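Visitor: what shape does this take:
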Amino acid sequence: MGFALLAIVALALLVAVHRYVWRRFVGDTTAAGSRLRRAGTVAAYVLPLLSVAALVSGRSGAPFWLQRVLAWPGYLWLAALLYLTLALLVGEAVRPLLRRLLGRRAATAGAEPAHTPETGRAPETGRAPETGQASEPERAGAAPATRTAAPPSPQPASASAAFASRRLFVARAVGGAAAVAGLGTVGYGTYGVLRGPRVKRVTIPLARLPRSAHGFRIAVVSDIHLGPILGRAHTQRIVDTVNRTQPDLIAVIGDLVDGSVADLGPAAEPLARLRSRHGAFFVTGNHEYYSGAAQWVDHVRELGMHPLENARVEIDGFDLAGVNDIGGESEGQGPDFGRALDDRDRSRAAVLMAHQPVLIDEAVAHGVDLQLSGHTHGGQLWPGNYIAELSNPTVAGLERYGDTQLYVTRGAGAWGPPVRVGAPSDITVVQLASKQA
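Guide: Presented below is the predicted three-dimensional model:
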């Protein structure tokens, strides 16, 4: 019942937002019955349908080629809708100011006295200036010229037309500026994703790390999100970027894929070329459990990566542990900190790979020194970071919780719209530092 109510509210909000966007971009700026209005109205119906189709096609088992056809326009429209709406809301504050300014200019222009263009004097009326002398016709005995009153000007109609013209100008100016701002933001955010993640470096001191492990470098990669939009070329960019950093170890922290091995296996193949001194390790994210987690765990193993399914390995100077994502609880494969950490030597430093930051409390309870997480995308689309803060202890970056530090990467890809605004994608090279003398 609660889900149905939420779906109804979301649908009503989606309809209201599309109605508002149509009105500002189409209804206020085009003539009734014009081709532009008809085209805009058709788009207002087709684009949201494409977005809904893109969202449900993967879960409904649609052919992968159809998912790819729907994904680009459907997901991009969701991002465009967000930023076009935000730009229009800003324009609502500008709109009355612009109307007032244009109204004042029109009133000032209408109040100017009429002058003849040649001399700047008032036009002749047949009467002499106010000097007490008669005009030439009067001195000659001629009857004074009969002056006919000028016909009344249609001032109300002219004022109404002028107001309508100003209103149309303001609607088109604000709508045009909003379109440039909104679509420009989406375009730049899309370029940032397709360009590939940038390398971010952070040094994290660990109290129990021995001097022998000082300077150990872990390349942290999360949220690659291979799918109908981000494919093999995206994977290759990530692999090339990671290998250039020459890390000692690679940690792939979940949400690798949005689809099955059958559809996305070829897109993941470049991961076999990841190179580091101690290899590449993998833990599941919630999206793996939407995509066949068991098959993907087997497949990444075939690609040369080492899955840590509630398990631990000893690395030079510290323990590296990994737990399954919370999403695995529905399959009886959720996180098990006991299996991963209970029997370890507590004198050694422990680094934990856990997809979701919300597992930090369990990490603190089990004496973990550093938890590496992703999942949040840093919010991905501003102001999504404020929403992400509601359900995550840390959205991006490094924070301390008791004796445990939590580092959250923004991720290397994007879910849904291939767009990032205010949360650029990254691959983080974490350099461990020893506090021991």
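Visitor: which element follows the worst-scoring helix or strand of the chain on mean pLDDT toward the C-terminus?
Guide: Scoring the helices and strands of the chain by mean pLDDT, DSSP states H and E places helix 136-139 at the bottom, with a mean of 45. For helix 136-139, the following helix or strand on the C-terminal side (DSSP states H and E) is helix 155-195.
Visitor: show me where the stretch 251-400 of the chain has helices.
Guide: Assigned by DSSP state H, counting those that start in this stretch, the stretch 251-400 of the chain shows helices spanning 261-268, 293-302, 337-341, 360-365, 384-388.
Visitor: need those helices in TSV with distance to Thr30, can you?
Guide: For every residue, glycine as well, the C-beta is placed using N, CA and C. Formatted as TSV, the helices of the stretch 251-400 of the chain follow (distance: least, CB to CB, whole Å):
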stretch	distance to Thr30
helix 261-268	42
helix 293-302	49
helix 337-341	60
helix 360-365	53
helix 384-388	32
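Visitor: looking at those helices, which is closest to Tyr401?
Guide: Closest approach to Tyr401 among the helices of the stretch 251-400 of the chain (CB to CB): helix 360-365, 5.3 Å.
Visitor: tell me the mean pLDDT over that closest one?
Guide: Average pLDDT, helix 360-365: 97.
Visitor: how far off centre is it?
Guide: 31 Å (CA atoms, centre = their mean, to the nearest Å).
Visitor: ok and the top helix by length along the chain relative to helix 155-195, angle-wise?
Guide: For the chain, the longest helix by residue count, based on DSSP state H, is helix 64-110. Angle of helix 64-110 versus helix 155-195, following axes from the mean of the first three to the mean of the last three CA atoms, to 10 degrees, is 140 degrees.
Visitor: mind giving me the packing neighbours of helix 64-110?
Guide: helix 2-22, helix 35-57, helix 155-195 (3 or more CB pairs under 8 Å, 6 or more residues apart in numbering; DSSP states H and E).
Visitor: reformat those as CSV; add distance to Glu399, mean pLDDT and mean neighbour count.
Guide: As requested, the helices and strands packed on helix 64-110 are arranged in CSV below (distance: least, CB to CB, whole Å; pLDDT from 0 to 100; neighbours: other CB atoms under 10 Å):
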stretch, distance to Glu399, mean pLDDT, mean neighbour count
helix 2-22, 31, 87, 12
helix 35-57, 32, 94, 15
helix 155-195, 25, 88, 16
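Visitor: export those as CSV, with columns for distance to Ala233.
Guide: Output for the helices and strands packed on helix 64-110, formatted as CSV (distance: least, CB to CB, whole Å):
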stretch, distance to Ala233
helix 2-22, 32
helix 35-57, 20
helix 155-195, 9
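Visitor: so what's the residue nearest to the spatial centre of the chain bridging to?
Guide: By CA atoms, centre = their mean, the mean C-alpha position of the chain lies nearest to Leu381, the distance being 2.4 Å. Counting by DSSP bridges, Leu381 is bridged to Val421.
Visitor: surely it and Gly189 touch.
Guide: Yes: counting by CB atoms under 8 Å, Gly189 is a contact partner of Leu381 at 7.5 Å.
Visitor: for Val180, find the nearest of the helices of the stretch 251-400 of the chain.
Guide: Short answer: helix 384-388, nearest of those by CB to CB, at 22.3 Å.
Visitor: any idea of the mean pLDDT for that closest one?
Guide: pLDDT averaged over helix 384-388 gives 95.
Visitor: ok now that helix, how far from the chain's centre?
Guide: So, by CA atoms, centre = their mean, the centroid of helix 384-388 is 11 Å from its chain's centroid.
Visitor: which positions in it come out as buried?
Guide: Across helix 384-388, burial judged by 16 or more other CB atoms under 10 Å covers 384-385, 388.
Visitor: try stretch 311-327
Guide: 311-312, 315, 317-327.
Visitor: sitting in strands, which of those residues do you find?
Guide: Judged by DSSP state E, the subset of the buried residues of stretch 311-327 located in strands is 311-312, 315, 318-322.
Visitor: could those go into JSON lines alongside distance to Leu101?
Guide: Listed next are these as JSON lines, based on distance: CB to CB, whole Å:
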{"residue": "Ala311", "distance to Leu101": "68"}
{"residue": "Arg312", "distance to Leu101": "68"}
{"residue": "Ile315", "distance to Leu101": "67"}
{"residue": "Phe318", "distance to Leu101": "65"}
{"residue": "Asp319", "distance to Leu101": "67"}
{"residue": "Leu320", "distance to Leu101": "64"}
{"residue": "Ala321", "distance to Leu101": "64"}
{"residue": "Gly322", "distance to Leu101": "62"}
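Visitor: name the nearest of these relative to Glu92.
Guide: Taking CB to CB as the measure, Glu92 lies nearest Gly322 of these, at 49.2 Å.
Visitor: next, count neighbours for the residue nearest to the closest one when sequence neighbours are not counted.
Guide: Leaving aside its sequence neighbours, Gly322 sits nearest to Leu308 (CB to CB, 6 or more residues apart in numbering; 2.7 Å). Neighbourhood size, Leu308 [other CB atoms under 10 Å]: 21.
Visitor: correct me if wrong: Leu308 contacts Val351.
Guide: No: with contact defined as CB under 8 Å, Leu308 and Val351 do not form a contacting pair (11.0 Å).
Visitor: give the residues shared as contacts by these two.
Guide: 320-321 (CB atoms under 8 Å, 6 or more residues apart in numbering).
Visitor: picking that back up, which of the ones in strands among the buried residues of stretch 311-327 sit farthest apart?
Guide: Distance extremes for these: the farthest pair is Ala311 and Phe318 at 15.1 Å, using CB to CB.
Visitor: so, low pLDDT: which residues of the protein?
Guide: Residue ranges of the chain with pLDDT under 70: 1-2, 110-157, 159, 163, 437.
Visitor: for Val15, find the nearest of the helices of the stretch 251-400 of the chain.
Guide: Val15 lies closest to helix 384-388 among the helices of the stretch 251-400 of the chain, at 21.2 Å (CB to CB).
Visitor: isn't Arg167 right next to Arg99, touching?
Guide: Yes: using CB under 8 Å as the test, Arg167 is close enough to Arg99 to be in contact (7.1 Å).
Visitor: quick one on the thing from earlier: let me see the contact set for the residue nearest to Gly322.
Guide: 281-283, 320-323, 340, 353.
Visitor: ok, of those residues, which one's closest to Leu70?
Guide: Relative to Leu70, and with distances defined as CB to CB, the nearest of these is Phe282, at 29.1 Å.
Visitor: any idea how far Asp403 is from the closest one?
Guide: Phe282 is 27 Å from Asp403, where distance means CB to CB, to the nearest Å.
Visitor: between those two, which has more neighbouring residues?
Guide: Each of Phe282 and Asp403 has its neighbours counted (other CB under 10 Å); Phe282 has more, 26 against 11.
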